[in-house]
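Peer 1: what's the 3D shape of this:
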Amino acid sequence: MDKLSIAGLLLALGAVFGGSTLKGSGVGALISPAAFVIVIVGTIAAILVQTPGETFRRALGMARWVFRPPRLDVDTQIQTVVLWARRVRQHGLLGLESVVGSVTDPFVRRGLQMLVDGAEPAQIRAALDVELDTLEGRDVAAARVFEGMGTYAPTMGIIGAVMGLMAVMQNLSDPDKLGAGIAAAFVATVYGIGLANLLFLPMASKLKATVAGQSRHRELLIEGLVAIADGEHPSMIESRLQGFK
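Peer 2: Reported below is the predicted structural model:
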């Protein structure tokens, strides 16, 4: 669990609601079903028009990474690759056959299978580089869904504010309704700008950082598998992979 993300979200809520209270408007002033519909539903509608279905579903699945990111232990991965190298040195490439079946990550399993099948180092690197680029591109596109939401939300907030002011203008003959009407009109702006800068854009940045970390982790694996295929000594492989720390 990413405690910093949880702390950040709680601080964001505290800043908005606490600030509203300290300013004298109170928490109730921030509650507006109309603003919620315009900003939230409008933002989702805009991102659905922009995003392919597969990418949107991927983005929803990745959203949990903000609070529970994939575990990337570089030291453990290095030691695992070194263990594979020692196994190959003792039993040959076929000594990794039993390892392939126990690996759950499709990327790792494919690389190991190519190694066991006797593929040339250049072939292993080329195939895994293509898959790495594909996986990274897919995940970055999914992270950009939240970036897009952070772009659309403030605009939807402005639309909500304008619509609220239009309603106020229709009640100019009733001064008692003007103050409350103007205040309600700007709630949509608060929703749009607040959600964009306190939620959507930070989520996009955190997800892109996680994707970059995963790619770096996979690059480590590629280097290790290629080194094993080249017949390098396990200690040399370990020394090379230390550069990824």
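Peer 1: Run through the helices of this protein in chain order.
Peer 2: Taking DSSP state H as the test, the helices found in the chain are 3-22, 33-36, 42-50, 53-62, 74-91, 97-100, 106-116, 121-169, 178-195, 201-229, 234-241.
Peer 1: So what's the gap between the second one and the chain middle?
Peer 2: For helix 33-36, the distance from its own C-alpha centre to the chain's C-alpha centre is 27 Å (Cα atoms, centre = their mean, to the nearest Å).
Peer 1: mind listing what's buried in it?
Peer 2: The neighbour-count check on helix 33-36 (16 or more other Cβ atoms under 10 Å) flags residue 35 as buried. Just so you know, the C-beta spots here come from the backbone N, C-alpha and C atoms, and that holds for glycine as well.
Peer 1: what residues does it touch?
Peer 2: Residues outside helix 33-36 that contact it (Cβ atoms under 8 Å, 6 or more residues apart in numbering): 157, 160, 164, 184, 187-188, 190-191.
Peer 1: what's the distance between residue 223 and residue 70?
Peer 2: Computed as Cβ to Cβ, to the nearest Å, the residue 223 to residue 70 distance reads 20 Å.
Peer 1: what's the neighbour count on residue 60?
Peer 2: Residues within reach of residue 60, counting by other Cβ atoms under 10 Å, total 11.
Peer 1: To clarify, my last question referred to residue 212.
Peer 2: For residue 212, the count of nearby residues is 14 (other Cβ under 10 Å).
Peer 1: my guess is residue 93 meets residue 115, correct?
Peer 2: Yes: between residue 93 and residue 115 there is a contact under Cβ atoms under 8 Å: 6.2 Å.
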